[in-house]
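>>> Structure for the following, please:
(chains A and B)
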Number of protein chains: 2
Amino acid sequence: MTRARVHIIGTGLLGTSLGLALTKAGHPVSLADASPTAVRLAADMGAGDACDPTDPDIVVVATPPDVAARTIVDALGRWPRATVTDVASVKTAVLAEARELAGDPVLERYIGCHPMAGRERSGAIAARDDLFLARPWVVCSDEDTPAERLAAVVALAEAAGATVVHLDPEFHDSAVARVSHAPQVLASLMAGRLRDMPADGVALAGQGLRDVTRIAASDPGLWTQILAGNAAEVRTVLSAVRDDLDALIDALDLRSGALATIAGLIAAGNEGHDRIPGKHGQAPEKYSSVTVFVDDTPGTLARLFADIGDLGVNVEDIRIDHATGIKLGSVDISVIPSAQVTLTEGLAARDWWVPEAAIEHEGRE
Amino acid sequence: MTRARVHIIGTGLLGTSLGLALTKAGHPVSLADASPTAVRLAADMGAGDACDPTDPDIVVVATPPDVAARTIVDALGRWPRATVTDVASVKTAVLAEARELAGDPVLERYIGCHPMAGRERSGAIAARDDLFLARPWVVCSDEDTPAERLAAVVALAEAAGATVVHLDPEFHDSAVARVSHAPQVLASLMAGRLRDMPADGVALAGQGLRDVTRIAASDPGLWTQILAGNAAEVRTVLSAVRDDLDALIDALDLRSGALATIAGLIAAGNEGHDRIPGKHGQAPEKYSSVTVFVDDTPGTLARLFADIGDLGVNVEDIRIDHATGIKLGSVDISVIPSAQVTLTEGLAARDWWVPEAAIEHEGRE
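Sure, this is the predicted structure:
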């Protein structure tokens, strides 16, 4: 089988990572970018050749989202046999703008995509050929999409190692407004409240605040484009959040009935939290947690994980929580519930400081 | 030195954990709880003796926050020589209610505290003697607080292994509204939006959503008391968040100037995020991250951390991100910046799959 010739326009994090992955998979890849330096860097990294192709099979638009539609339409006009796709994180706005610029017949060759991959670093220099590995890659097609073009786009996503998910553009935009865009806004607004706090107050921060605000470190320029590109859906979700927030603020006057409002909103959060899928894309699973206290020196974690490996236990997640002021940390190890006793007793037997082992033993006496 | 005789009222997670810690440190500890079963369990676990003391040196009120003030006043009346303290997570409301019930003279013997410790599990059964180890323990005193009583409370916190932080009650309540209570509300409200989503949509959730909503799993009953107990301060912070949210929702009409509003709010979040202290209570520090791809089987992490230990590198934080659908994960290892090259090259040399090592090598050619 001849590998599709792929032309990638935009050599930032996503475009360059895709070029690396497709080159590795044997595809001939050409690269373009508005910045000559960026395209040169991507080519030097091995993402493809910096050149203008005459007849590519697939063109991938990996520009910033605000120029995606125009670039898609340009590509459709310039390469009249090519299938054109993109990686923008919003889909209906791109499609609507492209339709306005080009009309439906040409758009038969366009299939919008959204690979759900990224990192906190940006640009070609942060690219890696594994970026898409086993990540969801949303493909937006409809009944008019020609089957062979759809197959070519799916094959491209799979060549990059991604897991293809077929969704329509409206469903996609509604879903990402809830699982990605609104969480970004709330994390940013929460973090913004810390700006004018005295340092003594911020020093009381714990793991909860750290988790809620981690993604508040994201790039304002990119996120402005993303939020603007999905404005209607983001507005819908944020307006619902605002209604809940209004209800909660009102309830803080503690009038009769107010406590039920507060408890109801926190309980609703419990329910929503429990819907988030577990690891490996499986149904939500409750892991059991085993805590070990460790001194915070090189080699300690190595010994700990060596012992865990000897016990034949698979670690699902780890959380390291360092102590304030001294060099001591706790490691919370998440495992499937059936492995908890093995791990707790096994580590305690190997002289690890496992508080629950001691307590549970005493409790059973 | 004779160890202070400590009486703990309320044998939930905090009271029982404190009993375990103080007993271990050699203090005579007595225990009481409204529930005979709860106090019996705590005593069985070794947290102290379930009995009514005649003349305790210190009484620790570790009840739910909504009965803390009344319990404090009862204890002050019943044991006229004792210093009384509590562990409620709000301080001004408890103090105001106690003052109303008892008057200032009696309250000279009361010193409010808030140990910043907890876990997602609750009750005596989740207690551990290390719960307070190296955690901030806020002590609220003023110029009228007798020095020897203050010293006794500080000694108690230190006996539990905590790090004492002196704050006034208003400052404390204002700070925890920002670093703890408002983040809880926003996490809960965000998670609540996931309740009515189709499963196909929630399946697109990534690590960002997981982090933002992790604490949305918290107990509604306890959090209703906490939020109600600090209602004024929580209202202030949440009202400011609501103003920002209103501004952002309005800006999503994308009128002229709207993008600057959006970008400004995300950038403000960057600034706030950067104020959160780093590990060990030190100034914020930027760690460098090295990503390793691993197959998700027992023993793999053991080998990885053994190799990291051999390289003499200290791990500051770990994030494990599992792939969707297949048994493959990536491990992001945070280290001090000066250790990044050692770790990247050392792991690559030991045949670990470190994407950046390959890319950076190619990039330098």
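>>> residues contacting residue A:11?
A:19, A:31-33, A:38-39, A:41-42, A:47, A:62, A:124 (CB atoms under 8 Å, 6 or more residues apart in numbering or on different chains). Placement of C-beta: from N, CA and C, glycine included.
>>> Relative to chain B, how far out is it?
Look at residue A:11 and chain B: by CB to the nearest CB, to the nearest Å, they are 13 Å apart.
>>> Now that residue. Nearest residue, chain neighbours left out?
residue A:42 (3.7 Å; CB to CB, 6 or more residues apart in numbering or on different chains).
>>> and the one you found, that one's in a helix?
Yes - assignment of residue A:42 by DSSP: H, G, I helix; E, B strand; the rest coil places it within a helix.
>>> so of the contacts of residue A:11, which ones are in helices?
Taking DSSP state H as the definition of helices, the contacts of residue A:11 contribute A:19, A:38-39, A:41-42.
>>> Out of these, which is nearest to residue B:275?
Closest to residue B:275 out of these is residue A:38 (32.3 Å), distances taken as CB to CB.
>>> ok, the closest one - how many residues close by?
For residue A:38, the count of nearby residues is 21 (other CB atoms under 10 Å in any protein chain shown).
>>> Please apply the same query to residue A:40.
Residue A:40, neighbours per other CB under 10 Å, totals 15.
>>> Skipping adjacent residues, who's closest to it in space?
residue A:50 (6.1 Å).
>>> what's across from that neighbour in the sheet?
Counting by DSSP bridges, residue A:50 is bridged to residue A:31.
>>> so who does it touch?
Neighbours of residue A:50 in contact, by CB under 8 Å, 6+ apart: A:30-32, A:39-40, A:42-43.
>>> Give me the distance between the closest residue to residue A:288 other than its chain neighbours and residue A:346.
Spatial nearest neighbour of residue A:288, excluding adjacent residues (CB to CB, 6+ apart): residue A:340 at 3.9 Å. To residue A:346, residue A:340 is 11 Å away according to CB to CB, to the nearest Å.
>>> show me where the stretch 151-300 of chain A has strands.
For the stretch 151-300 of chain A, the strands defined by DSSP state E, counting those that start in this stretch occupy A:163-166, A:288-295.
>>> you'd agree residue A:117 is up against residue A:130?
No - in this structure, residue A:117 is not within contact of residue A:130 by CB atoms under 8 Å, at 9.5 Å.
>>> Now the helix or strand harbouring residue A:347: average pLDDT?
Taking DSSP states H and E as the criterion, residue A:347 maps to helix A:340-349. With pLDDT averaged residue by residue, helix A:340-349 scores 89.
>>> any idea of the pLDDT on residue A:280?
Reported pLDDT for residue A:280: 49.
>>> how close does the residue nearest to residue A:288 get to chain B?
Distance from residue A:340 to chain B, counting by CB to the nearest CB: 13 Å.
>>> do the same with residue A:211
Distance of residue A:211 to chain B, computed by CB to the nearest CB: 4 Å.
>>> tally of neighbours for that residue?
19.
>>> quick one: contacts for the residue nearest to it when sequence neighbours are not counted?
Distance criterion CB to CB, 6+ apart; nearest residue to residue A:211, sequence neighbours excluded, is residue B:211 at 4.5 Å. Residues near residue B:211 by CB under 8 Å, 6+ apart: A:211-212, A:214-215.
>>> Check residue A:113 too.
Residue A:113 touches A:85-87, A:137-140, A:153, A:157, counting by CB under 8 Å, 6+ apart.
>>> Equivalent analysis for residue A:39, please.
Residue A:39 makes contacts with A:11, A:31-33, A:50, as judged by CB under 8 Å, 6+ apart.
>>> And residue A:199, by the same measure?
By CB under 8 Å, 6+ apart, the contact set of residue A:199 is residue B:275.
>>> can you list the domains in chain A?
Here the domain parsing of chain A from automatic domain parsing is A:6-167, A:173-273, A:288-364.
>>> mind checking which of those is nearest residue B:288?
Of all those, domain A:6-167 sits nearest to residue B:288, with 10.5 Å by CB to CB.
>>> Work out the gap between the closest one and the centre of the chain.
The chain centre lies 18 Å from the centre of domain A:6-167; the measure is CA atoms, centre = their mean, to the nearest Å.
>>> pLDDT on that domain, on average?
For domain A:6-167, mean pLDDT rounds to 92.
>>> picking up where we left off before, I'd like the distance between the residue nearest to residue A:288 and residue A:269.
Here residue A:340 is placed at a distance of 26 Å from residue A:269 (CB to CB).
>>> So which of these two has more stuff around it?
Neighbour count, other CB under 10 Å: between residue A:340 and residue A:269, residue A:269 has more, with 30 against 18.
>>> what's stretch A:186-194 in contact with?
Taking CB under 8 Å, 6+ apart as the rule, stretch A:186-194 contacts A:202, A:209, A:212-216, A:218, A:223, A:241, B:178-179, B:182-183, B:186, B:189-190, B:208, B:212, B:237, B:240-241, B:244-245, B:248, B:265-266, B:268-273, B:275-276.
>>> before we move on, back to that, out of the contacts of residue A:113, which are inside strands?
Among the contacts of residue A:113, the members found in strands (DSSP state E) are A:85-86, A:137-140.
>>> could these go into a markdown table alongside distance to residue B:287?
Below are these laid out as a markdown table (distance: CB to CB, whole Å):
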| residue | distance to residue B:287 |
| --- | --- |
| A:85 | 36 |
| A:86 | 34 |
| A:137 | 30 |
| A:138 | 32 |
| A:139 | 36 |
| A:140 | 37 |
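>>> near chain B, from those?
Restricting the ones in strands among the contacts of residue A:113 to those touching chain B (CB under 8 Å from any CB of the partner chain) yields residue A:138.
>>> What residues does the residue nearest to residue A:11 make contact with?
By CB under 8 Å, 6+ apart, the contact set of residue A:42 is A:11, A:15-16, A:19, A:31, A:33, A:48, A:50, A:124, A:127.
>>> Is it possible to mark the buried ones in these?
Neighbour-count burial (16 or more other CB atoms under 10 Å in any protein chain shown) is assigned, among those, to A:11, A:15-16, A:19, A:31, A:33, A:48, A:50, A:124, A:127.
>>> among the residues you listed, which are in strands?
Per DSSP E, those map to strands at A:31, A:50.
>>> Give the buried residues for stretch A:264-281.
A:264-270, A:272-273, A:275-277, A:279-281.
>>> same check, this time on stretch A:242-256
A:242, A:244-245, A:248-249, A:251-252.
>>> Can you pull the residues of the stretch 1-150 of chain A lying near chain B?
A:20, A:41, A:44-46, A:116, A:125, A:127-130, A:133-136, A:138.
>>> swap the cut-off to 6 Å and go again
Neighbours of chain B within the stretch 1-150 of chain A, by CB under 6 Å from any CB of the partner chain: A:45-46, A:128, A:130, A:134, A:136.
>>> could the residues you listed be laid out in CSV, adding distance to residue B:92 and neighbour count?
Output for the residues of the stretch 1-150 of chain A next to chain B, formatted as CSV (distance: CB to CB, whole Å; neighbours: other CB atoms under 10 Å in any protein chain shown):
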residue, distance to residue B:92, neighbour count
A:45, 57, 25
A:46, 61, 19
A:128, 51, 21
A:130, 52, 22
A:134, 50, 23
A:136, 47, 22
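>>> Contacts for the lengthiest helix in chain A next, please.
With secondary structure taken from DSSP H, chain A has its longest helix at helix A:231-251. Identification of contacts with helix A:231-251 by CB atoms under 6 Å, 6 or more residues apart in numbering or on different chains yields A:173-174, A:177-178, A:181-182, A:227, A:258, A:261-262, A:265, B:189, B:193, B:235, B:238, B:242, B:245, B:249, B:252, B:254.
>>> residue boundaries of the helices in the stretch 151-300 of chain A?
A:169-176, A:182-192, A:199-202, A:207-213, A:220-229, A:231-251, A:258-273, A:300-310 (DSSP state H, counting those that start in this stretch).
>>> what comes up buried for the third one?
Yep, that's helix A:199-202 we're talking about. For helix A:199-202, by 16+ other CB under 10 Å, it's A:201-202.
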